[in-house]
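A.B. asks: Structure of the sequence below:
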Amino acid sequence: MGFDWRDDLRSFFEEFTIVETSKKETLEDFDQFCEFIAEPAFESLAEALKKFRIKAKFQRTKGKSITFQTNFPGLRIDNFQYIIFLPKNSVELRLKLQIRGRRNSRSVMEKKEEPFMESISPRGVLKLKKEDIIQDVIGHYRNFVLTALTSPK
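C.D. replies: Sure thing, here's the model as predicted:
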């Protein structure tokens, strides 16, 4: 009976402060990842795709996501999207990846979600190199395009 409820209340607010601080730091880390790793990777890849007549671009939504998109060769219709995003209320840099794409220029956009580079720890995300991101995009793009080309649908 010697327990003081004030200690419980103080402990709760300390935990609350830790969670809020972690969320803020995670958002800052995600923005740093986008600016210094993902954007340079997407810029390099978009430039390289030009020689294959594939228009590519990227778009960043601060604190939320970064998207790399390709169009069908010679068309203005998006074919493939590689979206790295930070789940809402994240307290660590455990990112998600969403792949969207169309099998042909008239089909509907299909969507798949998975962990982003599952073998990389949240602390390891900021140690990635732009080449790591480029390789991952190419792997997902290759799988998507080859599946679309060989699918009986």
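A.B. asks: So residue 68, which state does it fall into?
C.D. replies: strand (DSSP: H, G, I helix; E, B strand; the rest coil).
A.B. asks: just checking, it touches residue 44?
C.D. replies: No. Residue 68 is not in contact with residue 44 according to CB atoms under 8 Å; the separation is 10.9 Å. (Glycine included, C-beta is placed from N, CA and C.)
A.B. asks: Look at these two and report which has more neighbours.
C.D. replies: residue 68 (25 against 14; other CB atoms under 10 Å).
A.B. asks: For the more buried one, give the beta-bridge partners.
C.D. replies: residue 58, residue 82 (DSSP bridges).
A.B. asks: residues touching it, list them.
C.D. replies: 42, 45, 46, 56, 57, 58, 81, 82, 83, 137 (CB atoms under 8 Å, 6 or more residues apart in numbering).
A.B. asks: Please report the distance of it from residue 118.
C.D. replies: To residue 118, residue 68 is 19 Å away according to CB to CB, to the nearest Å.
A.B. asks: just the buried members of the contacts of residue 68?
C.D. replies: Using 16 or more other CB atoms under 10 Å as the burial test, the contacts of residue 68 include 42, 45, 46, 56, 58, 81, 82, 83, 137 as buried.
A.B. asks: Correct me if wrong, but residue 84 is in a strand.
C.D. replies: Yes. Counting by three-state DSSP, residue 84 falls inside a strand.
A.B. asks: list the contacts for it?
C.D. replies: Residue 84 touches 34, 38, 65, 66, 67, 95, 96, 97, 116, counting by CB under 8 Å, 6+ apart.
A.B. asks: what's the neighbour count on residue 23?
C.D. replies: 15.
A.B. asks: right, and residue 145 touches residue 80 too?
C.D. replies: Yes. At 7.3 Å, residue 145 counts as touching residue 80 under the criterion of CB under 8 Å.
A.B. asks: Looking at these two, which is more packed in?
C.D. replies: residue 80 (22 against 15).
A.B. asks: Who are the contact partners of the more buried one?
C.D. replies: Residue 80 touches 69, 70, 99, 100, 101, 102, 141, 144, 145, counting by CB under 8 Å, 6+ apart.
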